[in-house]
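S.K.: Here is the input, now give the coordinates:
(chains A, B, C, D and E, ligands or ions: 4)
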Amino acid sequence: SGSTIPEGEETSGAGDAPASDGENEVVYASTSDAVGLSPTMTNDSVSSNVMTQIYENLFERNPETMELEPKLAESYENPDDLTWVIKLKEGIKFQDGTDFNAEAVKYSFDKLRDPATAAPRASLLEPVDTVTAIDETTVEIKTKYPYGPLLAALSHSNAAIISPTADEKQDLMQNPVGTGPFKFVSWNQGDEIVLEKNPDYWNGEVALDQVKFKVVPEISTAISMLQTGEVNFLDALPPEQISRIEGLENVEVTKQEGTPVYYLTFNHSRERNQNPDFRKAVASAVDRDAFVEKLNGLGVRSDSILGPKVFGYTEEADNAGTPYDPELAKQLVQENGFGNEPIKLLAANRDNFILMAEIVQSQLTEAGFKVEIETMEWATFLDTARGGEYDMTFLSWSNVTSDGSEMFYPNFHSDNVGNSNRAQYSNPEFDKLVEASRTTIVPEEREKFLAEANQFMLDDNAAIVMYHGVVTSATEKSIKGLKVDPNGQWSLANVSRE
Amino acid sequence: MVALIIRRAFQLVFLLLGISFLVFSSMYIAPGDPASIIGGPTATASDIEAIEANLGLDRPFLVQYANYLGNAVQGDFGYSYQTSQPVGDAIAVRFPNTLKLAIASMIVAVIIGIITGLVSALKQNSLLDVSATTFALAGISIPNFWLGALLILVFAVNLQWLPVGGMSHPFYTVDGIKELILPAITLGTGSAAMIARMTRSSMLEVIRADYVRTARAKGVKEKNVIWIHTLKNAMIPIITVIGLNFGFLLGGTIITEKVFAINGVGRLMIDAIAARDFPMVQGSVLLVATLFVLVNLIVDIIYTYIDPRIKYD
Amino acid sequence: MAQTLLEVKDLVTSFRTAEGTVRAVKGISFHVEKGETLCIVGESGCGKSITSLSVMGLLPSNGSIESGEILLNNEPLQNLSQEQLRKLRGNQMSMIFQEPMTALNPVLTIGYQLREPLILHHKLSKSEATKQAVELLNQVGIPNPAKRLNQYPHELSGGMRQRVMIAMALACHPSLLIADEPTTALDVTIQAQILDLINDLKEKLDMGVLLITHDMGVVAEVANRVMVMYAGLKIEEGPVEEIFNNPSHPYTIGLLNSVPNVDDPEFELEPIPGNMPGLNEDIPGCRFHPRCKFAMDKCKVMAPPEFHLSQGHSATCWLNEKEAETDENSGRVTIKA
Amino acid sequence: MTTAEAVKAKPKKKEKAWQTTLRRLFRNKMAIVGLIVVLLQILLAVFAPVITVHDPIRQNLGSSELPMFSDGHWLGTDNYGRDVWSRIVYGARISLVVGAVAVSLGLLGGVILGMLAGYYRKLDAIIMRFVDLLFSFPGILLAMLIIAILGTSLVNVAIAISIWSIPTCARIVRGSVLSVKEKEYIMAMRSMGASNLRIMVKHILPNVTAPIIVFATMRMATAILSTASLSYLGLGAQPPTPEWGAMISQGQDFMWTSPHLTIVPGIAIMLTVFAFNVLGDGLRDALDPNMDVEQ
Amino acid sequence: MRTVEESPSKPEILLELNDVKKYFPIKGGILKRVQGNVKAVESVSLKLYKGESLGVVGESGCGKSTLGRTILGLEELTDGKIKFNEQEIQDLKRKEKKKFVKEMQMIFQDPYASLNPRQRIGNALDEVFRMHTNMPAQERKEAVLDLLKEVGLKAEHYDRYPHEFSGGQRQRIGIARAIALNPSFIICDEAVSALDVSVQAQVLKLLKTLQEKYNLSYLFISHDLGVVRYFCDRVLVMYLGHTVEMSDVTKIFNHPLHPYTRALLSAIPRPTMQAKRERIRLVGDMPNPSNPPSGCVFHTRCPMAQEICSVDKPAFIEHEKDHFAACHFAGQSLSRVLG
Ligand SMILES: Nc1ncnc2c1ncn2[C@@H]1O[C@H](COP(=O)(O)OP(=O)(O)OP(=O)(O)O)[C@@H](O)[C@H]1O
Ligand SMILES: Nc1ncnc2c1ncn2[C@@H]1O[C@H](COP(=O)(O)OP(=O)(O)OP(=O)(O)O)[C@@H](O)[C@H]1O
Ligand SMILES: [Mg+2]
Ligand SMILES: [Mg+2]
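M.R.: Ligands and ions are numbered 1, 2, ... in the order given. Take a look at the predicted model:
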């Protein structure tokens, strides 16, 4: 099985000077282990980090321009609003020798959509009606309704193309096979995953010989290991530690604006929250500038729900929300007696949620609200939030497709109340705008609908954006060529060590 | 002895049955649902239903439990909800690390504990005794997450003598030993302190016993009075404490493994609880409980060697 | 002819306690001769054990000999180092304790514990020691001695254990044997066996025996001479016949009158009133006077000196200042004051 | 009669049992230190509002992470600009209250189970098997399971810790009951026709208090440590509660820039736990009649 | 041959035992099954008359205490009948038994262990009245003070704890507790063995005085034959759970019938300087009561044991008036038997 380390591999590491590391190796650390390595069966960022190196998609976003570009696809056309005909590149082989072709694409997408698979992210291709292999290199996708963000969906790591022969033969969760720059070598569950370079990679020579994904649950331990050279690449750096990391001599830190958005939202199914004055009072009580300052540069301040890196964003929206106005907040609270009943502020105990909760609680208290924080483990939080058992909470959305519809529809459309719409937001007017943005294919029109929807939410104080994420990485200085895209994803295909 | 082992085996079966039921039902009543975690924030209702059906979570509680037991009896502890890996495999990978850590800590604890305990008992009320006792009490009082962080700061980051974390080398290599030192100290200190305390009080008690006076009346050398006549008798409660501390150590690995990035069962357990990965929680809890029972069985067997009065049949 | 084996002069033993220093033995002198048995009798807490432990140098850690001299074979023990004293113990002098159940180490075999003094003091090899140990067990009347050597104390009955203790004490043929209530925990039938054994061995080995007891019956049975203690003091000493037939201290008389007589159905008990005083209870004069029915004014203010009555018989009581007489005819001993 | 009994036997000046205990306790210097620290802590907890100037939860984002001995904040401020001294002082309240609640609940359960098991031979096997069951869970794991069911909060932490104290307490009590039960005075009460309940409550319970008191004191130390551990794992105190373990967990992110944020609460925990431990040790010695002779 | 029988001239019977047995099961093995029994008391029959003291003697472990406890119902009876004041009491329910509790009391061996160390002695005595009477507090207090006076203690002792008393004083408290409810029958289980001789004499005197005053009956368990001779009217000798001899003190002490009784008597050290008497020394220890010897249980240690002794169990029969013994050669001299 793939879960043991081959004898020869036990060379790296502990206590050794970085010099004795394999020259051509990168060791990356994350706080948790990948769930699995099948694009069909997983839906978490750690897994996707590994899979990005192994699998590829038909399309991908250019990390700099954020434009969608063909990857395994050659080109595409829309004969009508419901049909997408995609031409594939030729001569590509999976790492197990299987040919990459239209059948493989059809197999991958059908597998994801098949209810029997019980794929966690099956809904990604929910609008797809049929997938047909026209010939060896042509695939035709028909959607149930005109679906604008299809290409974005196809660039999602869950829509990566898997090797049909491998999938039938083995469990891709443990033993993945794709077309990407790195091949799977071993996985010591809970400890590390080892990949090696794919010598037959179709898209040019891969510089690194080997890549390791190490699990280091405690971030400060991981930073210490970065300092001692036991690992040489971290991402998603916590704002509290950023100054320490920046102080390390052998380390280079990169920061750039990203797509994740963190916002305070109401449980819109609760009566008190339906009072626009209440929401207004809350919105004017929260000093987002002061909060973003605490992020030490790892957050971008904007009122807009769609961030700067998301399709549908407009600059005007930056300041289009309810401004910080403590006096107004106090006044509203006093007039309406909002402070009489305590507010249960739910927060998952991970990422920056606790930080947000503490600061917002303090600010709301200043304004006269009574706020009790309730922290929860992620599992419980997801359930509780989904079921709407809270007054106010913090949510986040990492927009992998970088498309505004992909933010609004799952999170705020009434179709999804009680599921991914954890804010329980249900507003027919807003729904219409979102639907329009989804069913239109022309990008300019879509952009307009999205901007309108964005503004609608801000006017309604439906959600109060705390900040937009900044994607970060810390690497040893010897590592060159790493590009992290605004979703926080990165490929090691073009990375080398000096 | 055989009777003892058979009786314990019986007890173990019932114990495991009780534990598995307790864990199963507590995971069942606990809020939070494995399917929503697998599905993640983006999952739709239909996604979640499909996952639940796939995992068999839609069946009644007792059916689930009976099924689990049926399989477990045949040695099949199910598949992780999260990674769909067989639970047995997942544990097998991590268990050696936990065992290494626990044994190394126990060694640290026993050596430090018995030596300090002896010293302070033999030099009762001296400065040495007071400092050893203070050390022991400080050892119990120090939170091990804090101690771990301080040790990393000093020995791994500043002095760079030892690695920060991880456990990937065989224990008999130099690197393997280096990896174990800091975690073993972190985890072992509390137990060392408890053993030291027990050693001290047990020695002081035995040294007052009639038979020690008899030994002195025979003109036995003071050295032999301590090492032969006293220590062996004093060992009985000390060994009990060592056995119980093994359980304590197994609990302590949860935090230590986290701080030192060790891929062990403790961490597997918290992750599994957090993710409501029932089969994984079950499997690891049952393993730890079995281990605990085994260690105490060994302790009981050691008793029969130390104390001829104890017979188990 | 009589050779003095042990001589204790003015022994004072005290303890450091929470209440300050207390004296458990308040100045006691006596001697033991070769081949004789001296019995120390007295009520619980009067300092019998502490006296014997002082001789052995085995006082509890908070106790110490404050003053006085202990001479074994004319050699003063208090000048010896711990190590020298250790070499005497188990060799020149040895001791048997009261509780046979706790005085043997439960985790060591009988054989090990028996061999220990032999190997230590006589530098025997293990096999020689084993041979001697078997011999010793035989001597104290334990059947099947070879088998016993591999057993542990808990596998033996109380009487057996006390025999093992005796065997252990006699292993190196000590010249002085101290037995602190060796039979109190045993049944009468076993007690008789053990007392016979000690007596036989004493004669065989020509030891001096210091036997502590509170049982006047035992005293009558085994003693050559008797020393009666009360509250840390020696109050009477003399040959056993003298003590029983001509007791000269009211306390000794009281003791004798408190023991029911098996052979005399008409015997009427005459208890000593009151209780033994505490160690640091301040009593002026004679320490016994509050319980003494003969107490005179003098007794309340002045502690009596030791009066020598006849050869080897002395008593510490003002009554002996005058001539004491006894009524020979009645079975009961009284003092006509 | 043993010497110890002889010491007790003499009718001396009247002294109550607790006075004897205290007198003996005061002979032990370490125990006095422990007692003083514990008392100080109780004072801190009770008079927290008087002792501190700053509100422990009031933020001042402008002056966060001040070092020790800064103006007006002699222990500095944390990430949110809250006064560390205030948080430590109020944290004492939390530790003491949670510890006390957890220990009392644990004692209640443990004493009842232990008494029943020790007294009724028929119940013994069942109760002890149940206790074994709880015992073979590693403590922290048991607490985590309980908190997983009940949810994250200090109240639940107290409940979890109390459940986790039950097996040890039950064993201790059972052991003591078994030995006290064999004492002649219990036989005497039975011969007088006393009911089982009376014997258990009036005659056995008072005579097993010594081990219970010692256990409670020591357990207080464990409970405080466990509360901190669980809060450290994010399973205990809810923010912004000034709980020491949570403070360490938060402060750890600043260990390199503001080490006092972890060191101060770390020392607070250590000192408190240490104090309860030495006090427990001292009490044990003071309550053990055999110890009187020594020293 | 007659078994124990009432003689008409004797005063009223207070207590009567018929074939009383008490076995303690030994559990063992993997499943903790009963594997055998410790036969602590094996077939004891006796009668106790009002106002008399019956001594029970024998070596340690022969079942003396168990017998006493079984009579009081502190141990469950294995077999046999116990009659108290003409009524069979062995099968009574807890409630019905309560009135007998007042009638039967016990004094224990260890004065240090038989009082609750955490209870003031005033309370300890008060508790007895609270459990069994409805007296108001004031009356109870007076009753307690009376009791204290009765056993030779003072009113100021009311508020003291047991550890503030000497052994003798504690034993007096134990006696006070036993006589509080005016019982007619008291079991003294080695009530004076732990006391120093001088104190022992005081306590024995007190017990005698109380007996005369209240017409008490004692079952006086002891291993000290001197004390028994002084204190008791009749004596029962036990060996390994069996009764081996029973008669008046004088008969037992002057011409014992059973070799065990003789051995016991000859083993006592006499506190006088009279000529040493002929001794019968027993060899070995008492056998294990869970595995008693066949035939006569004493044959393994008996100096005059014959073949028959290891086969036939001798009956406990009346050899002369009021003198019972269980021996094939009862009363015969050692030399004659060995012949
Ligand atoms: N370690 C000690 N510390 C303080 N006092 C002690 C110590 N050992 C003994 N004593 C006291 O010394 C006195 C004499 O004790 P000792 O043991 O000699 O009495 P004893 O005559 O042997 O009595 P017993 O017949 O009960 O054995 C007692 O009052 C006892 O309380
Ligand atoms: N609860 C019990 N369980 C099992 N065996 C018991 C129990 N109580 C007494 N025995 C056994 O019953 C036998 C008689 O014991 P008992 O205490 O009646 O003897 P005794 O004559 O009173 O002895 P002693 O003189 O030592 O008090 C002994 O062998 C004892 O081991
Ligand atoms: Mg003594
Ligand atoms: Mg008895």
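S.K.: what's the nearest residue to the residue in the stretch 151-300 of chain A that chain D sits nearest to if we skip its chain neighbours?
M.R.: Nearest to chain D, among the residues of the stretch 151-300 of chain A, is residue A:240, at 3.5 Å (CB to the nearest CB). For every residue, glycine as well, the C-beta is placed using N, CA and C. Spatially, and ignoring its direct neighbours in sequence, residue A:240 is nearest to residue D:253 (3.5 Å; CB to CB, 6 or more residues apart in numbering or on different chains).
S.K.: phi, psi of the residue of the stretch 151-300 of chain A closest to chain D?
M.R.: Residue A:240 adopts backbone torsions of phi -60, psi -30, taken as degrees, to the nearest 10.
S.K.: what's the burial count for it?
M.R.: Residues near residue A:240, counting by other CB atoms under 10 Å in any protein chain shown, number 24.
S.K.: which stretches of the stretch 51-200 of chain E form strands?
M.R.: Assigned by DSSP state E, counting those that start in this stretch, the strands in the stretch 51-200 of chain E fall at E:53-57, E:79-84, E:87-88, E:104-107, E:185-189.
S.K.: So which elements touch the last one?
M.R.: Strand E:185-189 sits against helix E:64-72, strand E:104-107, strand E:217-221, with contacts defined as 3 or more CB pairs under 8 Å, 6 or more residues apart in numbering or on different chains; DSSP states H and E.
S.K.: With mean neighbour count, mean pLDDT and distance to residue C:298 added, can I get those in TSV?
M.R.: Listed next are the helices and strands packed on strand E:185-189 as TSV, based on neighbours: other CB atoms under 10 Å in any protein chain shown; pLDDT from 0 to 100; distance: least, CB to CB, whole Å:
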stretch	mean neighbour count	mean pLDDT	distance to residue C:298
helix E:64-72	23	91	48
strand E:104-107	27	90	41
strand E:217-221	26	94	42
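S.K.: Reformat the ones you listed as CSV; add distance to chain A.
M.R.: Formatted as CSV, these follow (distance: least, CB to the nearest CB, whole Å):
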stretch, distance to chain A
helix E:64-72, 59
strand E:104-107, 62
strand E:217-221, 67
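S.K.: Of all these, which one comes closest to ligand 2?
M.R.: helix E:64-72 (3.1 Å; CB to the nearest ligand atom).
S.K.: What is the distance between the closest one and the centre of its chain?
M.R.: 7 Å (CA atoms, centre = their mean, to the nearest Å).
S.K.: Now do that helix: which elements does it pack against?
M.R.: Counting by 3+ CB pairs under 8 Å, 6+ apart, helix E:64-72 packs on strand E:13-28, strand E:33-49, strand E:53-57, strand E:104-107, strand E:185-189, strand E:217-221.
S.K.: which residue packs closest to residue C:196, ignoring adjacent ones?
M.R.: residue E:281 (7.1 Å).
S.K.: Please export the C-alpha coordinates of the helix or strand containing residue C:169 as CSV.
M.R.: For residue C:169, the element it lies in under DSSP states H and E is helix C:158-170. Written as CSV, here are the backbone C-alpha positions of helix C:158-170 (Å, rounded to 0.1, in the frame of the first residue of the first chain):
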residue,chain,number,x,y,z
GLY,C,158,2.5,-17.3,63.9
GLY,C,159,4.3,-19.8,66.1
MET,C,160,6.4,-21.0,63.2
ARG,C,161,7.4,-17.5,62.4
GLN,C,162,8.4,-16.8,65.9
ARG,C,163,10.6,-19.9,65.8
VAL,C,164,12.2,-18.6,62.6
MET,C,165,12.8,-15.3,64.4
ILE,C,166,14.5,-17.2,67.2
ALA,C,167,16.6,-19.2,64.8
MET,C,168,17.6,-16.0,63.1
ALA,C,169,18.5,-14.4,66.4
LEU,C,170,20.6,-17.4,67.5
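S.K.: how about it, does it reach ligand 2?
M.R.: No: Helix C:158-170 lies apart from ligand 2 when judged by CB under 6 Å from any ligand atom; the minimum separation is 10.0 Å.
S.K.: between the very next helix or strand once past that helix and helix C:158-170, how many degrees?
M.R.: Counting by DSSP H and E, the next helix or strand C-terminal to helix C:158-170 is strand C:176-180. Per axes from the mean of the first three to the mean of the last three CA atoms, to 10 degrees, the angle that strand C:176-180 makes with helix C:158-170 is 150 degrees.
S.K.: does chain B sit close to strand C:176-180?
M.R.: No: contact of strand C:176-180 with chain B (CB under 8 Å from any CB of the partner chain) is absent, the minimum separation being 8.6 Å.
S.K.: What count of nearby residues applies to residue E:142?
M.R.: By the criterion of other CB under 10 Å, residue E:142 has 11 neighbours.
S.K.: whoops, I mixed them up, residue C:284
M.R.: If we define neighbours as other CB under 10 Å, then residue C:284 has 11 of them.
S.K.: Identify the residue nearest it in space, chain neighbours excluded?
M.R.: In space, residue C:284 is closest to residue C:301, 6.0 Å off (CB to CB, 6+ apart).
S.K.: So the one you found sits against residue C:285, correct?
M.R.: Yes: between residue C:301 and residue C:285 a contact is recorded at 4.9 Å, counting by CB atoms under 8 Å.
S.K.: do you know how far the residue of the stretch 151-300 of chain A closest to chain D is from residue D:257?
M.R.: According to CB to CB, to the nearest Å, residue A:240 and residue D:257 sit 9 Å apart.
S.K.: hang on, the earlier thing: give the other helices and strands that the helix holding residue C:169 contacts.
M.R.: helix B:210-217, strand C:93-96, helix C:110-122, helix C:126-139, helix C:188-205.
S.K.: show me the contacts for residue B:106.
M.R.: By CB atoms under 8 Å, 6 or more residues apart in numbering or on different chains, residue B:106 lies in contact with B:188, B:191, B:242, B:245-246, B:249.
S.K.: Now the phi/psi pair for the residue of chain C found nearest chain D, please.
M.R.: Here chain C gets closest to chain D at one residue, residue C:278, 3.5 Å apart by CB to the nearest CB. Note on residue C:278: its backbone torsions stand at phi -70, psi 160 [degrees, to the nearest 10].
S.K.: Fine, thanks again, bye for now.
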